[in-house]
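Trainee: Dropping the sequence and predicted coords here.
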Amino acid sequence: MTTAPIPGPGKLTYGSYLKVAELLELQQRKSDPVHHDEMLFIIAHQVYELWFKQALHEIEAVIGHLERDEALKAGRVFDRLHRISHLLIEQIPVLETMSTIDFAAFRDHLRPASGFQSVQFRLLEFLCGAKNPRMMGLAGDDEAVRRRLEEFAARPTVYDHLLRHLDRKGFTMPREVLERDTSKLHEPDERVAKAMVRVYMESDEHYPQFRLCEQFLEFDERFSIWRFHHVKMVERMIGGKTGTGGSSGAKYLAGTLSIRFFPEIWMVRDYIGTGYGGEHP
Ligand code: HEM
């Protein structure tokens, strides 16, 4: 039988490498008397923030690959992003094991904090294209957060990088789109959609680009599924009540379900089979 090695003094250990002691100090409950379910509530949110950090890290990798026209490598990163998105969706039912009565018992202690204020969630939205200038207010007087939000609001989105890559690969995109002011919201453009129809119609010859468009679409779809599941959880927990962040709650969230990060990849579906660009050989 082998025995586990005893860590020597000053040697790196599991705990010191991962900062486990510090991590386990971070679950500070506010309810008084302490409510059992507040631990779940805090841990669930903290885990989300860690995965948001990883997702941002991966999207930066996608951008790097697109800049170097490495479509297959960008696609591989998306494989990971999809699995992370899957986890984000699948975590919601864990929170739903908390009943509306249990949540009501400690909800007032959270005010006015809300997931609405998640900076990393907004960075993800900005990087994917949902740039809402009103979200700048989330920085409050935190200068570092303000700078980060401003940087992400101004820079090209991962979708801008996809369109530039497709253009370099011969799927000519309109100049105005390629050279647009990236601090503004990208407006859906029929010409972009039509250039993308070719990617689909010529998927055999341009398989990496076709796969990439499908990967983008899948990410967008999964993000919407998270939004939908989150609204349903909110309805289950607090019904039609306003949010702790001050919004109308489920009603506000339902309005976000129509957000599409990559609109023309969805528009391609409007054209396929209509004779535009020819039928598949
Ligand atoms: C009991 C569970 C939860 C409830 C009742 C809840 C409730 C709400 C409500 C009512 C809003 C609207 C903003 C407001 O006025 O507060 C909101 C927004 C939000 N929540 Fe939650 N939430 C829950 C769990 C979570 C979790 C686990 C996350 C993960 C990070 C999360 C992330 C967000 C985000 C990112 C928004 C902003 C969405 C947007 O503006 O599109 N929420 N939540």
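Mentor: Arrived safely, thanks for sending.

Trainee: Next one: the nearest residue to Arg122 once chain neighbours are set aside, what pLDDT does it get?
Mentor: In space, and not counting its chain neighbours, Arg122 is closest to Met135: 4.8 Å by C-beta to C-beta, 6 or more residues apart in numbering. The C-beta positions use only the backbone N, C-alpha and C, and glycine is treated the same way. According to the prediction, Met135 has pLDDT 94.

Trainee: Kindly report the same for Met1.
Mentor: Taking Met1 on its own, its pLDDT is 58.

Trainee: so does stretch 43-61 get close to the ligand?
Mentor: Yes: on the criterion C-beta under 6 Å from any ligand atom, stretch 43-61 is in touch with the ligand at 44-45, 48.

Trainee: Can you tell me which of these are buried?
Mentor: Tyr48 (16 or more other C-beta atoms under 10 Å).

Trainee: Relative to the ligand, which of the residues of stretch 43-61 next to the ligand is nearest.
Mentor: Distance to the ligand, by C-beta to the nearest ligand atom, is smallest for Tyr48 among the residues of stretch 43-61 next to the ligand, at 3.5 Å.

Trainee: Secondary structure element holding the closest one?
Mentor: Assigned by DSSP states H and E, Tyr48 belongs to helix 38-67.

Trainee: now do Glu218
Mentor: Going by DSSP H and E, Glu218 is in helix 207-238.

Trainee: The residue in the stretch 151-281 of the chain that the ligand sits nearest to - how many residues pack around it?
Mentor: At 2.1 Å from the ligand, Gly243 is the closest residue in the stretch 151-281 of the chain, using C-beta to the nearest ligand atom. Summarising burial for Gly243: neighbours were counted as other C-beta atoms under 10 Å, giving 19.

Trainee: same check, this time on Arg191
Mentor: So Arg191, with other C-beta under 10 Å, has 13 neighbours.

Trainee: Check Thr182 too.
Mentor: Using other C-beta under 10 Å, Thr182 has 15 neighbouring residues.

Trainee: contacting residues for it?
Mentor: Residues in contact with Thr182 (C-beta atoms under 8 Å, 6 or more residues apart in numbering) are 154-157, 160.

Trainee: Apply 10 Å and report the result again.
Mentor: By C-beta atoms under 10 Å, 6 or more residues apart in numbering, the contact set of Thr182 is 129, 131, 153-157, 160.

Trainee: What ranges does the chain have for its helices?
Mentor: Along the chain, counting by DSSP state H, helices occupy 14-18, 20-23, 38-67, 71-90, 92-95, 100-107, 119-128, 143-154, 158-168, 175-178, 190-201, 207-238, 250-255, 263-271.

Trainee: As CSV, could you dump the C-alpha coordinates of the fifth one?
Mentor: What it means is helix 92-95. C-alpha atoms of helix 92-95 as CSV (Å, rounded to 0.1, in the frame of the first residue of the first chain):
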residue,chain,number,x,y,z
ILE,A,92,-29.8,26.9,-11.6
PRO,A,93,-31.8,23.8,-10.5
VAL,A,94,-29.4,23.6,-7.5
LEU,A,95,-30.6,27.0,-6.4
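
Trainee: Right, I'll leave it there.
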